[in-house]
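Undergrad: Could you work out the structure for the sequence below:
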Amino acid sequence: MNPCIALALLLCAQAAAADLSHVIEAVKPSVVGIGNFQKLRSPPVVFSGTGFAVGDGLSIITAAHVVQDMVNHEADFTLGVLLPQGELAQFRPATITAFDQAHDLVRLHITGTPLPALPIGDSDKVAEGTALAFTGFPLGMALGLHPATHRCSVAAITPLAGPAINATRLDARLASQLSKGGYTVFQLDGTAYPGNSGSPLFDAETGEVIGVINMVYVKGLKEAAISTPSGISYAVPAKYLLELLRR
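TA: Residues are numbered from 1 along each chain as shown. Next comes the predicted model:
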């Protein structure tokens with residue numbers, strides 16, 4: 001390769017990395033954990049996924065399957081969000097204000113000081129190859145509530161057949177149904193984990209949210225998502241998120 005071209009590519013890559021660093025710092029304060037609290041349980045707080053603030057800063061978006069078990073369960077616990085605070089986490093109760101099971105999205109409401117809200121972009125303008133990133137808690141609270149960011153790009157824009165498929169139930173057999181119709185999702189070439197469900201998928205340059213991490217392709221049993229991740233993930237386009245916010 002021509003040395004001048006190689007140097008130009010290197011400088012572009014360094015500039016992109018610097019820009020993403022600034023975007024990540026802007027995104028992280030808006031990202032929260034999703035879980036539930038039960039005073040007499042050990043541990044009292046159980047993590048279930050990731051969410052992020054939008055709108056007035058008191059509206060939290062996550063994947064519907066992250067809270068599905070809590071909605072169906074009649075145990076004496078409180079649904080809420082977890083705010084990272086160094087090595088600790090603040091728990092804030094939350095209520096469900098809108099539920100879109102068809103697109104695996106839910107909107108929660110919290111009280112207190114509003115969080116920085118993430119801007120929402122136009123997901124219809126996203127093309128294959130677009131550089132993106134997502135921030136969330138891939139391992140939950142196993143290593144503390146520290147948000148991690150993964151780079152990715154749109155590998156394909158593909159129809160999703162089964163809206164109920166999520167990170168805990170997608171295997172090779174079910175993935176083969178993706179081409180049989182349904183609404184369109186983003187297939188990503190990034191590695192997401194079950195704890196990333198509900199993470200904001202955002203433009204690496206602007207920080208605008210263009211999707212919500214929904215599921216990860218699992219080879220074999222769901223435990224393989226952590227031990228041997230496939231590197232293939234899916235996200236629901238943000239246009240469905242905007243529809244949810246208009247309700």
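Undergrad: Give me the three-state assignment for Asn214.
TA: With DSSP: H, G, I helix; E, B strand; the rest coil as the basis, Asn214 sits in strand.
Undergrad: Which parts of the protein are strands?
TA: For the chain, applying DSSP state E gives strands covering 31-37, 45-54, 59-63, 78-85, 88-100, 105-110, 131-136, 148-160, 183-188, 200-203, 209-216, 233-237.
Undergrad: Quick check: which of the ones you listed is nearest to Ser123?
TA: Ranking the strands of the chain by distance to Ser123, with C-beta to C-beta as the measure, places strand 233-237 first at 3.7 Å. Any C-beta I mention is one placed from the backbone N, CA and C, and that applies to glycine too.
Undergrad: Just the angle for the closest one relative to strand 88-100, thanks.
TA: 60 degrees (axes from the mean of the first three to the mean of the last three C-alpha atoms, to 10 degrees).
Undergrad: contacts for strand 233-237?
TA: Strand 233-237 has contacts (C-beta atoms under 8 Å, 6 or more residues apart in numbering) with 63, 103-105, 123-124, 126, 134, 152, 160, 184-188, 190-192, 196, 201, 210-217.
Undergrad: Using PyMOL, make a named selection holding only the buried ones among the residues you listed.
TA: Buried residues within these, by 16 or more other C-beta atoms under 10 Å, are selected in PyMOL with:
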select buried, resi 63+103+104+105+123+126+134+152+160+185+186+187+188+190+191+192+196+201+210+211+212+213+214+215+216+217
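Undergrad: which residue sits closest to Phe99, ignoring its sequence neighbours?
TA: Nearest non-adjacent residue to Phe99, counting by C-beta to C-beta, 6 or more residues apart in numbering: Val106, 5.2 Å away.
Undergrad: Relative to Gly49, how far out is the one you found?
TA: Val106 is 10 Å from Gly49, where distance means C-beta to C-beta, to the nearest Å.
Undergrad: With the flanking residues excluded, which residue is spatially nearest to the spatially most central residue of the chain?
TA: Nearest to the mean C-alpha position of the chain, counting by C-alpha atoms, centre = their mean, stands Ser199 at 1.5 Å. Nearest residue to Ser199, sequence neighbours excluded (C-beta to C-beta, 6+ apart): Gly136, at 3.1 Å.
Undergrad: Name the spans of this structure whose pLDDT lies under the cut-off.
TA: For the chain, the stretches with pLDDT under 70 are 1-18, 72-75, 161-182, 216-231.
Undergrad: And it, split by domain according to the record?
TA: Domain assignment for the chain by automatic domain parsing gives 29-110, 123-245.
Undergrad: and the shortest one, how far apart are its ends?
TA: Terminal residues of domain 29-110 are spaced 15 Å apart (C-alpha to C-alpha, to the nearest Å).
Undergrad: Adding distance to Ala117 as columns, could you present the domains of the chain in a markdown table?
TA: Shown next, in a markdown table, are the domains of the chain (distance: least, C-beta to C-beta, whole Å):
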| stretch | distance to Ala117 |
| --- | --- |
| domain 29-110 | 5 |
| domain 123-245 | 10 |
